[in-house]
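Trainee: sequence plus predicted model, see below.
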Amino acid sequence: MKKVVFYQRTGSVKDRAQQAMLASAGYVVETLDLAAEHWTPAGLRAFFAERPVAEWFDSSAARVLSGEIDPLRLNPQEALVQLSVDPALINGPLVKFNGRCAAGLDSDELRYFLEVEARDGKPASVRRPPGAWGDSWTGE
């Protein structure tokens, strides 16, 4: 059974669409509320892999939009502290699958992340997945 732990933002249309995509591909989706989790800097770090610090933040978060938080000026440790204190800043969803973690993936990146075994274990921490895929996906 293929289980994905999916930390979602309440009311996010993107997150609901990704959950539906996962379920239709045969994944069991354990949905958790991103804002309700007790996050620590160490617990969050694994989700961001090689992404630049600015991509860890939701660009539409109120504190980012107001300029109170400038993700471009934070080092990784400062960013992790801010994100753990205020989960509304996190660029979600956060996803766990087979011991790996990712954050802020669009639908194509999520597919690529889940199919790492099909790529002989090559890392899934890429910004853009290969362009050879069609619009349909079975998750197999």
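Mentor: Okay, I see it. Residues are numbered from 1 along each chain as shown.

Trainee: buried residues in stretch 13-20?
Mentor: Buried residues in stretch 13-20, defined by neighbour count with 16 or more other Cβ atoms under 10 Å: 15, 18-19. Where C-beta positions appear, they are placed from N, C-alpha and C, glycine not excepted.

Trainee: again, but for stretch 49-68
Mentor: 51, 53, 56-58, 61, 64.

Trainee: helix or strand, whichever it is, which one in this protein has the lowest mean pLDDT?
Mentor: helix 107-114 (a mean of 88; mean pLDDT, DSSP states H and E).

Trainee: who does that one touch, helix- and strand-wise?
Mentor: helix 13-24, strand 94-97, strand 100-103 (3 or more Cβ pairs under 8 Å, 6 or more residues apart in numbering; DSSP states H and E).

Trainee: nearest to K3, of these?
Mentor: strand 94-97 (7.6 Å; Cβ to Cβ).

Trainee: parallel or antiparallel, which strands does that closest one pair with?
Mentor: strand 3-8 (antiparallel), strand 100-103 (antiparallel) (DSSP bridges).

Trainee: returning to that earlier point: just put the buried residues of stretch 49-68 in JSON lines and tack on distance to G26 and pLDDT.
Mentor: Converted to JSON lines, the buried residues of stretch 49-68 look like this (distance: Cβ to Cβ, whole Å; pLDDT from 0 to 100):
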{"residue": "R51", "distance to G26": "28", "pLDDT": "90"}
{"residue": "V53", "distance to G26": "35", "pLDDT": "97"}
{"residue": "W56", "distance to G26": "30", "pLDDT": "97"}
{"residue": "F57", "distance to G26": "32", "pLDDT": "97"}
{"residue": "D58", "distance to G26": "29", "pLDDT": "95"}
{"residue": "A61", "distance to G26": "33", "pLDDT": "95"}
{"residue": "V64", "distance to G26": "36", "pLDDT": "98"}
